[in-house]
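Colleague: sequence-free structure coming up:
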């Protein structure tokens, strides 16, 4: 692991590049905003740690009232528990004997929840929990429109729930109903339609559970794009937004109720780059390419240079087009707003936290690369 | 850093996932093929290590006759030198006092070459070399059509070369003329046209150098897509292919002289995935998403399941569409051919090397994440 690109107290302009920066004022604003928008709603908050992979942020979220966090992998959960997080839901299926054994062992050290969407996986979870002499809380993942993992809603989900409930070392925890496909639908109307359909599927599943004498203790899901809808539904009692702490460029393209791009949250996450070549009047090359941010959701935005556009990424370079007359000398440091925060954060070992123009803290991204 | 997902001697089917696999037979075939296609050409080989970031591979390349390797960052060069590589060209500009000081210090331990495309950077290189009491070999980067870094060819390049030659601690090494944009032009005719234009620009630069009494000791460039053209040019005396050791899906779409997709080289690099959800007859979800491969050059190919297509990646999931009647039970391990090798390799700490169905070696990807 490389050393951190900064030290506490340093001016931001001295930070080595590429670096992942967190504007603490904007970050705290986002935490406050989430709390404010949920005021009066009786839903629990379980933020998604797959976005930040940082136990320090997870602990801040729990100190502010979150019941726990989500993550996607066993090794990610291990890193979070090692970092002092006491309650982690792996909002994903865990398949493979080695991973299941680690999952069950982790349940001795922290409250651990996991999903299932297949009877064979339920049986494997039972064996692992029995071997480790623990009880695992297992939720049924229901596909409520995302078309990824999950059982069909209604009877198939209830059948799987019954299998969980009948497993001596498993505790049926409820319904996991995350509509991932709805998060980046651009208009509020599109998102509302998608979540209304998801609610119908959750209700059908609750009815099917009731016919078997089962109840979903928890109905959980939601992301930064839709959480207000799930929170107001009266059906979900837990929500899992993750990206709200950072707000990447792609989430920034969602429209809010007033028809404007997202303004409730602020961009707090930046990539600090250095201009390493000035081959032409209108072209600056920065030292941030495909190995320093993910382009799956589009190119990053240029934060500090009016009219500048990051046009193209190669492995170690970014091509920035400058507006006529822009002064950007060699060595200039420029902040970029990443297109997609989650896979970008996963490229960094350190989060350089600043306030104003000073580095205030350096947090390890302990679950960086934790994909087992 | 997480532990390796395998142990030597283990069957490949027991390797934990996601894992980066190297088929050693195919890898050695590719090394042999490169040597065979260069037989009789008097060009030096300096393979690009930005593709593999692995000192073990760099040493194998040098044992087979490479004069050294290329890389893109100072920290990458440090990792390679720490791993026993004795000759490294940073085929890139290095900007910033801290990085330049490290570069100059590294030149005490190994032969280090670097590029420049700006007079201010030449002066900064001189200061750093003087402070460290070393001589740095510096090549002028010339933009021969890629439109990224580099001076204009001809007189501007010669002017910069003269500045390098006049710097007491710098040694003018020659011309770096890499046509990156030509590498993935699909037809041989397109690539030939691009490299012919690049040759004109290199020749114009050599003429301009000659008018100043300077000579380019080395003319270097070329990638996996075009290296045969540069090698046959009589102008380039060094080539830098990198991806040929692996052959990713995107390079595989290039056409060879017979109009067929690349068949001279073989795919040696794979991502091992596990089927973690089987929500529908035609849909398998694998545990390899955006944090385990880069999609900038398209989705990975599915190696082991006829008719299967990797359609979509989310952060931790891959959606694979199956042909009717395909049997892929939960837990099946499937090899994927990454779309783009370089940023994919950068996500892994370990290269699991296998022959047949046994793990033969595990090589550390020591320069993983080395982007400073």
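Modeller: Yep, that arrived. Since this is a predicted model, take the numbers as computed values, not measurements.
Colleague: Any buried residues in the top helix by length along chain A, and which?
Modeller: Longest helix of chain A, by residue count under DSSP state H: helix A:188-211. With burial defined by 16 or more other C-beta atoms under 10 Å in any protein chain shown, the residues of helix A:188-211 counted as buried are A:188, A:191, A:194-195, A:198-199, A:201-202, A:204-206, A:208-209. In this view, the C-beta of every residue, glycine as well, is placed from N, C-alpha and C.
Colleague: name the helices or strands packed onto that helix?
Modeller: helix A:155-165, strand A:170-176, strand A:218-221, helix A:227-231 (3 or more C-beta pairs under 8 Å, 6 or more residues apart in numbering or on different chains; DSSP states H and E).
Colleague: Recalculate using a threshold of 7 Å.
Modeller: Contact analysis of helix A:188-211 by 3 or more C-beta pairs under 7 Å, 6 or more residues apart in numbering or on different chains; DSSP states H and E lists helix A:155-165, helix A:227-231 as its packing neighbours.
Colleague: Give me the distance from the shortest one to the chain's centre.
Modeller: Centroid separation between helix A:227-231 and its chain, computed with C-alpha atoms, centre = their mean, to the nearest Å, is 16 Å.
Colleague: what's it packed up against?
Modeller: helix A:188-211, strand A:238-239.
Colleague: which residues touch it?
Modeller: A:37-38, A:41, A:43, A:191-192, A:195, A:221-222, A:236, A:239, A:241 (C-beta atoms under 7 Å, 6 or more residues apart in numbering or on different chains).
Colleague: Among those, name the buried ones.
Modeller: For the contacts of helix A:227-231, buried by 16+ other C-beta under 10 Å: A:38, A:41, A:43, A:191, A:195, A:221-222, A:236, A:239, A:241.
Colleague: Test my guess that residue A:81 contacts residue A:107.
Modeller: No - look at residue A:81 against residue A:107 with C-beta atoms under 7 Å: they stay out of range, at 9.9 Å.
Colleague: more crowded one of those two?
Modeller: Taking neighbours as other C-beta atoms under 10 Å in any protein chain shown, residue A:81 and residue A:107 compare with residue A:107 leading, 24 against 20.
Colleague: Excluding sequence neighbours, find me the nearest residue to that one.
Modeller: residue A:134 (4.2 Å; C-beta to C-beta, 6 or more residues apart in numbering or on different chains).
Colleague: Check the secondary structure at the one you found for me.
Modeller: Put simply, residue A:134 is coil when judged by DSSP: H, G, I helix; E, B strand; the rest coil.
Colleague: separation between it and chain B?
Modeller: 21 Å (C-beta to the nearest C-beta, to the nearest Å).
Colleague: dump the residue contacts of that residue.
Modeller: Per C-beta under 7 Å, 6+ apart, neighbours of residue A:134: A:104, A:107-108, A:169.
Colleague: Give the ChimeraX command for selecting the buried subset of those residues.
Modeller: Filtering those down to the buried ones (16+ other C-beta under 10 Å) takes a single ChimeraX command:
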select /A:104,107,169
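Colleague: what does the average pLDDT come to for the helix or strand hosting residue A:312?
Modeller: Using DSSP states H and E, residue A:312 maps to strand A:309-313. Taken as a whole, strand A:309-313 has a mean pLDDT of 98.
Colleague: What is the subsequent helix or strand relative to that strand?
Modeller: strand A:318-321.
Colleague: Any part of that following strand near chain B?
Modeller: Yes - contact of strand A:318-321 with chain B (C-beta under 7 Å from any C-beta of the partner chain) involves residue A:319.
Colleague: So which elements touch the next helix-or-strand element following that strand?
Modeller: Where DSSP H and E defines the elements, the next helix or strand beyond strand A:318-321 is strand A:333-337. The helices and strands touching strand A:333-337, judged by 3+ C-beta pairs under 7 Å, 6+ apart, are strand A:269-280, strand A:301-302.
Colleague: partners of strand A:333-337, with directions?
Modeller: strand A:269-280 (antiparallel), strand A:301-302 (antiparallel) (DSSP bridges).
Colleague: Let's verify the closest residue to residue A:91 other than its chain neighbours: helix, strand, or coil?
Modeller: For residue A:91, ignoring the flanking residues on the chain, the nearest one in space by C-beta to C-beta, 6+ apart is residue A:70 at 4.3 Å. Recorded secondary structure, residue A:70: strand (three-state DSSP).
Colleague: Could you measure from residue A:70 over to chain B?
Modeller: From residue A:70 to chain B the distance is 11 Å (C-beta to the nearest C-beta).
Colleague: before we move on, what about residue A:114?
Modeller: Taking C-beta to the nearest C-beta, one finds residue A:114 at 12 Å from chain B.
Colleague: So that residue sits against residue A:136, correct?
Modeller: Yes - Residue A:114 sits in contact with residue A:136 when judged by C-beta under 7 Å, with a separation of 6.2 Å.
Colleague: ok, the two, which is more surrounded?
Modeller: Ranked by neighbour count (other C-beta under 10 Å), residue A:114 and residue A:136 place residue A:114 first, with 29 against 26.
Colleague: Leaving out chain neighbours, which residue sits closest to the more buried one?
Modeller: residue A:90 (4.6 Å).
Colleague: For the one you found, give me phi and psi.
Modeller: Torsion angles at residue A:90 (phi, psi; degrees, to the nearest 10) stand at phi -80, psi 100.
Colleague: What is the burial count for it?
Modeller: 21.
Colleague: Tell me the bridge partners for the closest residue to residue A:25 other than its chain neighbours.
Modeller: What sits nearest to residue A:25 in space, not counting adjacent residues and going by C-beta to C-beta, 6+ apart, is residue A:355, at 5.9 Å. Counting by DSSP bridges, residue A:355 is bridged to residue A:358.
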